[in-house]
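# next input, structure requested:
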Amino acid sequence: QVQLMESGGGLVQAGGSLRLSCTASERTFEDYSRGWFRQAPGREREFVAAITRTGTITHYADYVKGRFTISRDNAENTVYLEMNSLEPEDTAVYYCAAVTRYSGSSIWTTTRMYGSWGQGTQVTVSS
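Here you go, the predicted structure:
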């Protein structure tokens, strides 16, 4: 099973930026579609962004569109989430995930389609 490790979370003021990284443990990472999700206290885990295995197709939730950018570097086994214009409502634990059993050429937005998950990284945005 692919092991995923997130980094880059922290505390930032509203309007600020953070860049999250997620590194996979093996080279087969490049075959998988990848996604970022987040979970705030008392809420369900929700979709943030996804990217196909080649990086040619990306998709964003409406509430982050225009502010967040997902990208990947397959040579480094890493996917990134650049977060700009952060708002207090973005406060959550952010998780990266990999779709290991379905097409890497498609975008997947539901948690049940993702077979591997990282441990999460906390993002806190102060007002």
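
# what helix or strand does residue 98 sit in?
strand 92-99 (DSSP states H and E).

# list the contacts for the one residue sitting closest to the centre of the chain?
Residue closest to the average C-alpha location in the chain (Cα atoms, centre = their mean): residue 36, at 2.1 Å. Counting by Cβ atoms under 8 Å, 6 or more residues apart in numbering, residue 36 makes contact with 20, 22, 48, 49, 50, 70, 79, 81, 94, 95, 96, 97. Placement of C-beta: from N, CA and C, glycine included.

# so the last one sits against residue 32, correct?
No. Using Cβ atoms under 8 Å, residue 97 and residue 32 do not qualify as a contacting pair, with a distance of 9.3 Å.

# burial check on residue 88, number of neighbours?
When neighbours are defined as other Cβ atoms under 10 Å, residue 88 has 11 of them.

# then the one 5 residues further on?
Under the neighbour criterion other Cβ under 10 Å, residue 93 is assigned a count of 18.

# confidence score at residue 1?
Residue 1 carries a pLDDT value of 69.

# now the helices: where do they sit in this protein?
Using DSSP state H, no helices are found in the chain.

# about what we covered before: looking at the strand holding residue 98 now, give me its mean pLDDT.
Rounded mean pLDDT across strand 92-99 is 96.

# go on, stretch 111-120?
For stretch 111-120, mean pLDDT rounds to 94.

# same question, stretch 24-44
Averaging pLDDT along stretch 24-44 yields 89.

# alpha carbons of it, as PDB, please.
Coordinates of each C-alpha in stretch 24-44 appear next as PDB, following Å, rounded to 0.1, in the frame of the first residue of the first chain:
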ATOM      1  CA  ALA A  24       4.500   9.000  -1.600                       C
ATOM      2  CA  SER A  25       6.600   6.100  -0.600                       C
ATOM      3  CA  GLU A  26       6.900   4.400  -3.900                       C
ATOM      4  CA  ARG A  27       7.300   5.100  -7.600                       C
ATOM      5  CA  THR A  28       3.900   3.700  -8.600                       C
ATOM      6  CA  PHE A  29       2.600   7.000  -7.200                       C
ATOM      7  CA  GLU A  30       2.900   8.400 -10.700                       C
ATOM      8  CA  ASP A  31       0.100   6.000 -11.900                       C
ATOM      9  CA  TYR A  32      -2.500   7.300  -9.400                       C
ATOM     10  CA  SER A  33      -4.900  10.200  -9.400                       C
ATOM     11  CA  ARG A  34      -4.400  12.200  -6.300                       C
ATOM     12  CA  GLY A  35      -6.600  14.400  -4.100                       C
ATOM     13  CA  TRP A  36      -6.700  16.700  -1.200                       C
ATOM     14  CA  PHE A  37      -9.500  16.600   1.400                       C
ATOM     15  CA  ARG A  38     -10.000  18.500   4.600                       C
ATOM     16  CA  GLN A  39     -11.900  17.900   7.800                       C
ATOM     17  CA  ALA A  40     -12.900  20.600  10.300                       C
ATOM     18  CA  PRO A  41     -14.000  19.700  13.900                       C
ATOM     19  CA  GLY A  42     -17.500  18.300  13.900                       C
ATOM     20  CA  ARG A  43     -17.800  18.200  10.200                       C
ATOM     21  CA  GLU A  44     -17.500  15.500   7.500                       C
END
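
# before I go, just wanted to say thanks for your time.
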